[in-house]
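Student: Could you look at this predicted model? Sequence included:
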Amino acid sequence: MSTETLTDDEGGTASRGLVDRVRASPFLSQLLSNRLALAGLAIIVAMLVIAVYARLTLDLDVISRSQLGTNPNRAAPSLEYPFGTDGQARALVPRVAYGAWYAMLFGTVTVGASTVLGVGLGIIAAYYGDITDNVIMRTMDVLLAFPSLLLALALVSIFPDELGLWRAVAALTLVYTPRFARVVRGAALTVLENEYIDATVALGATDPRVLVRHVLPNCLAPITVQSTLNFGLAIIDLAALSFLGFGASAGTPSWGLMLSNGVSQGLLTGVWWWSFFPGLFLALTVLGFNLLGDGMRDALDPRMREAVD
């Protein structure tokens, strides 16, 4: 048998093995059979491609400064300017594309930081209980008592304006942490009722080992779903803070800031494209994460819908 035949057989076997593993996984098979989840995943991948392309090819200084005298001011969508231009004669296509990079970057940092804080606090509260549980969870309850956007507005005003979108990230991280803490605490309490946890402790395992090696891996399902759903929420809340003037600084190609400028300066004068295209990309991105999050939740455990909501 020739070397080429062996190589083809090995490649075919590897491909079949991968397909078989995907089919054997209840989670992946259920997720891949959900057309809405696949549509959400396709939207997210498309936005990621646009974001990375914008970050690698566009000059932030060029698309941020005024282009008056170079480009036509408030030009309607055309072949030369597919999304039109804004009040500073800046083409909206590169600005909207770079806005995707900001949305993905700051959304990832927000969700990542709040996940780490919330998971840590939730697991510690569930494991130690008593006073520790009461102190942590009552603090979380106080934060959850406030409407999320109002609490974010109150927190963002604490940080200096020079931080720009980073102050919105810090505020939203504190706002989202209680949601993760509550979900993870509930999941951890269920895991801690299993007998193998008692056996692990009886064998002399330290608290960090029990939490990291045994409790945390069994809480990944609700953590993953909550993170995916919160990603879309983080993107829209970051845009909302920028829309209200508490996020991106002037000139920054943020979807929220472009929406704010378009509504206040262009929408009432017929310049609809100034706010339409940033709003469209924002809505599609949030929709993608929501569809994927719902699909992951149903694939992992249909009963998880009540726990996450």
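Tutor: Now that the structure is in, tell me what you want to look at.
Student: Does residue 209 lie in a helix or a strand, and which?
Tutor: For residue 209, the element it lies in under DSSP states H and E is helix 207-209.
Student: Work out the gap between that helix and the centre of the chain.
Tutor: 29 Å (Cα atoms, centre = their mean, to the nearest Å).
Student: can you give me the mean pLDDT across it?
Tutor: For helix 207-209, the mean pLDDT works out to 84.
Student: In the stretch 1-150 of the chain, where is pLDDT below threshold?
Tutor: 1-27 (pLDDT under 70).
Student: What is the neighbour count of the closest residue to residue 48 other than its chain neighbours?
Tutor: Nearest residue to residue 48 in three dimensions, chain neighbours excluded: residue 104, at 6.4 Å (Cβ to Cβ, 6 or more residues apart in numbering). The C-beta positions use only the backbone N, C-alpha and C, and glycine is treated the same way. Counted with other Cβ atoms under 10 Å, the neighbours of residue 104 add up to 20.
Student: does residue 104 sit in a helix, a strand or a coil?
Tutor: Here residue 104 is helix, with the state taken from DSSP: H, G, I helix; E, B strand; the rest coil.
Student: For residue 217, see how far away it is.
Tutor: Distance from residue 104 to residue 217, counting by Cβ to Cβ, to the nearest Å: 27 Å.
Student: where does residue 205 land in three-state SS?
Tutor: Residue 205 - assigned by three-state DSSP - is coil.
Student: Check residue 89 too.
Tutor: Residue 89 ends up coil, using three-state DSSP.
Student: Is it in contact with residue 68, as I believe?
Tutor: Yes - between residue 89 and residue 68 there is a contact under Cβ atoms under 8 Å: 4.8 Å.
Student: And these two? Which one has more around it.
Tutor: Neighbours per residue (other Cβ under 10 Å) separate residue 89 from residue 68, with residue 89 holding more: 17 against 13.
Student: hang on, residue 76 packs against residue 82?
Tutor: No - counting by Cβ under 8 Å, residue 76 does not reach residue 82; the two are 10.6 Å apart.
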